[in-house]
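**Q** give the three-dimensional model of this entry:
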Amino acid sequence: FDDDTPEEDSFFSDDYTIKQVHDLEDFKPLNKYLSRSIRKYMVEFPIALSRKLSSNSLLDYYIQKSWLIRRVKDGVAPHTHGNSHLSAVIYLKVPDDSTPLIFPIDDDHFCFKIPLGKVLTDSFVDVKPGTIIVFPSTLLHMVNSTDNEEERYSLSYDIMVTTKRPVEGMVLDPSYWEKL
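**A** The predicted structure follows:
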C-alpha cells in the first residue's frame, strides 16, 4: 500500500475512494471482532435508551466507512466523526513506545458548565496490537507525534446505530428508507 498518492485501490484514507476496507475478505474476521466489541460496549455503558434496546436485540450496527491508517512519527490532529454514531479503531501494528490515543477535554467541554465537583482531565489510552477502542463519534480524539521511526498501523471505522422498529430519537434501519 502507498498512501502518498490517491489511487483507486488506496485504503489509507477515507477521502480517496468508495472502496472500503471492511468489504475485503481478509478483514472479515476483524469485522466480527468489531461486532462483538460494539455489542459489549452498548450493553456495558450506561446509556439508558441504548441499554434498554441492546439488551433485547432491537439495535443493528452498520459499518458506514472504514480505512487504514499508517503513521511514522506524525500524529493525528484533534477531530471528531460527525457523520456517524460510533467510531472504532483496531490497532494492527504498534511500536513498543507508541504514543497513546488521547481523548482531550477542551475548555468548552459541556461538563465545565455544570458543577460536578471534580476536575476533568484528558484521557489517555495506551495501545498495543489487537487493542480495539469503541467510542462515541462526537468524542474529540487525537494522537501526538513521536520520534519513533517504526510504522504504526490501525484500522478505523465509522458506525451507525439503527433500530429495527421506529423509536423516537433513533435512526430507523435503512431497509425501511426510500431513496429520493
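
**Q** my guess is Leu86 contacts Val134. True?
**A** Yes: here Leu86 reaches Val134: they are 6.0 Å apart, a contact under CB atoms under 8 Å. Quick note: C-beta positions are derived from backbone N, CA and C, even for glycine.

**Q** now Arg70: which helix or strand?
**A** Using DSSP states H and E, Arg70 sits in strand 59-71.

**Q** against which helices or strands is that strand packed?
**A** Using 3 or more CB pairs under 8 Å, 6 or more residues apart in numbering; DSSP states H and E, the elements in contact with strand 59-71 are helix 28-44, strand 152-163.

**Q** for it, the distance to its chain's centre please.
**A** The chain centroid and the centroid of strand 59-71 are separated by 7 Å, computed with CA atoms, centre = their mean, to the nearest Å.

**Q** buried stuff in that strand?
**A** Within strand 59-71, the residues that qualify as buried are 59, 61, 63-69, 71, counting by 16 or more other CB atoms under 10 Å.

**Q** give me the neighbour count for Glu168.
**A** The tally of other residues near Glu168 (other CB atoms under 10 Å) stands at 6.

**Q** check the secondary structure at it for me.
**A** The local conformation at Glu168, judged by DSSP: H, G, I helix; E, B strand; the rest coil, is coil.

**Q** what's the pLDDT at it?
**A** Turning to Glu168, the model gives it a pLDDT of 83.

**Q** His141 contacts Leu101, doesn't it?
**A** Yes: the pair His141 / Leu101 is scored as a contact, 6.3 Å apart, by CB under 8 Å.
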